[in-house]
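Undergrad: generate coordinates for the sequence data below:
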Amino acid sequence: MYTDYHIHTFRCKHATGDIVDYVEAAIKKNVSVLGFSDHTPLPDGKWPHIRMDLSELESYVLAIEEAQKKYQSEHELTILKGMECEYADEYRSFYQEELLGKWGLDYLIAAGHFFPCDGSWIGAHSYIKGKKELFAYTDHLIAAMASGLFTFVAHPDLFGHSYLPWDENTIACSHAILQAASALSIPLEINGNGFRQPMINVEDKQRCVYPLEPFWELATGYDILVIINSDAHAPEDILANTSDAYALAEKYRLKVGALSFTA
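TA: Sure thing, here's the model as predicted:
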């Protein structure tokens, strides 16, 4: 059974294809559960360059629901409605009352692309340059997990995109993230999209920006469920590099599973 819960559409402004394009690609690849999780719009319009506009929310939901009606009865495919979200207390009511309530989304994903540090928001892809930013990222991701809003955490090791060394700081922060995930019983994602990013050179060795292998090696010592997704930004990316993610999970004997809800 192939599952992929992390799918984007053109609405996020850095992906291509609409709902039907991904569904048809998923059918060809024998996917049994396909979860759409575009970057959520936010009520204050924050970070508009990488997410859909609030005015597009209805068309996004309706397009998924139309695909459910058209394809689920003819194919062995479950199609889910989700969103990838940045956590902040001020968005809690929007997530609960609008996304999960009014629009009936099946799940929300926590993703630490941005996090507060010294009174302002900074980006994990470029600005985790020292211990202060790394620990701020970690604290924010744990707060998101503790909020009870999210079904799983996308690319928890995203800090590897900009904090390059593997040292005592990354070890401490990784343990904190893994301990929180275990205590809160929230799955963590091995993200296939990281394998599709250009490799980087760290201490004369090539590595992925993420997934970070040492992070997942540490995960061996924790009782956590691992979710594997492609993080597709084009229809052809469905299931892309998930074989690499499964191999990483197998190497460290991680418990890989599927989410338990249905559409």
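Undergrad: so where is the stretch 151-263 of the chain shaky, pLDDT-wise?
TA: Applying pLDDT under 70 to the stretch 151-263 of the chain picks out residues 261-263.
Undergrad: need the strands for it, in chain order.
TA: For the stretch 151-263 of the chain, applying DSSP state E, counting those that start in this stretch gives strands covering 152-153, 188-191, 200-202, 205-207, 225-229, 255-256.
Undergrad: quick check: phi and psi at the residue most central in space within the chain.
TA: For the chain, the residue nearest the mean C-alpha position is residue 154 (2.7 Å; CA atoms, centre = their mean). Phi and psi for residue 154, reported as degrees, to the nearest 10, are phi -80, psi 140.
Undergrad: that one against residue 190, yeah?
TA: No. In this structure, residue 154 is not within contact of residue 190 by CB atoms under 8 Å, at 10.1 Å. (C-beta placed from N, C-alpha, C; glycine too.)
Undergrad: ok, back up a step: closest to residue 166 out of the strands of the stretch 151-263 of the chain?
TA: strand 200-202 (7.9 Å; CB to CB).
Undergrad: contact partners for the residue lying closest to residue 17 once chain neighbours are set aside?
TA: Spatial nearest neighbour of residue 17, excluding adjacent residues (CB to CB, 6 or more residues apart in numbering): residue 235 at 4.5 Å. Applying CB atoms under 8 Å, 6 or more residues apart in numbering to residue 235 gives the contacts 16-17, 21-22, 24-25.
Undergrad: which of those fall within helices?
TA: 21-22, 24-25 (DSSP state H).
Undergrad: return the member of the residues you listed nearest to residue 100.
TA: Closest to residue 100, out of all of these and judged by CB to CB, is residue 22, at 22.1 Å.
Undergrad: from residue 77, how far off is the closest one?
TA: When distance is defined by CB to CB, to the nearest Å, residue 22 is 11 Å away from residue 77.
Undergrad: mind checking which of the two has more residues around it?
TA: Using other CB atoms under 10 Å, the more surrounded residue of residue 22 and residue 77 is residue 22, with 26 against 19.
Undergrad: who touches that one in this structure?
TA: 7, 9, 34, 36, 232, 235, 238.
Undergrad: what's the answer for residue 173, then?
TA: Contacts of residue 173 by CB under 8 Å, 6+ apart are 134-135, 137-138, 159.
Undergrad: can you give me the end-to-end span of stretch 205-212?
TA: 13 Å (CA to CA, to the nearest Å).
Undergrad: same question but for stretch 80-96, I mixed them up
TA: End-to-end distance of stretch 80-96: 17 Å, with CA to CA as the criterion.
Undergrad: next step: the contacts of residue 173 restricted to helices.
TA: 134-135, 137-138.
Undergrad: is it fair to say residue 80 lies in a strand?
TA: Yes. Remark: residue 80 belongs to a strand, assigned using DSSP: H, G, I helix; E, B strand; the rest coil.
Undergrad: okay, the residue nearest to it when sequence neighbours are not counted and residue 84: tell me how far apart.
TA: Counting by CB to CB, 6+ apart, residue 35 is the residue found nearest to residue 80 once chain neighbours are left out, at 4.0 Å. According to CB to CB, residue 35 stands 10 Å off from residue 84.
Undergrad: repeat for residue 57
TA: From residue 57 to residue 84 the distance is 14 Å (CB to CB).
Undergrad: could you do residue 129 as well?
TA: 24 Å.
Undergrad: which one of the contacts of residue 173 sits in the busiest neighbourhood?
TA: Highest count within the contacts of residue 173 by other CB under 10 Å belongs to residue 159, 28 neighbours.
Undergrad: residue contacts, that one?
TA: 124, 128, 134, 137-138, 170, 173.
Undergrad: now render the residues you listed as CSV, adding distance to residue 93.
TA: Output for these, formatted as CSV (distance: CB to CB, whole Å):
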residue, distance to residue 93
124, 25
128, 29
134, 30
137, 25
138, 26
170, 34
173, 30
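Undergrad: and the residues you listed, which is closest to residue 3?
TA: For those, the nearest to residue 3 is residue 124 (25.5 Å; CB to CB).
Undergrad: if I read this right, that closest one contacts residue 137, doesn't it?
TA: Yes. With contact defined as CB under 8 Å, residue 124 reaches residue 137; the gap is 5.8 Å.
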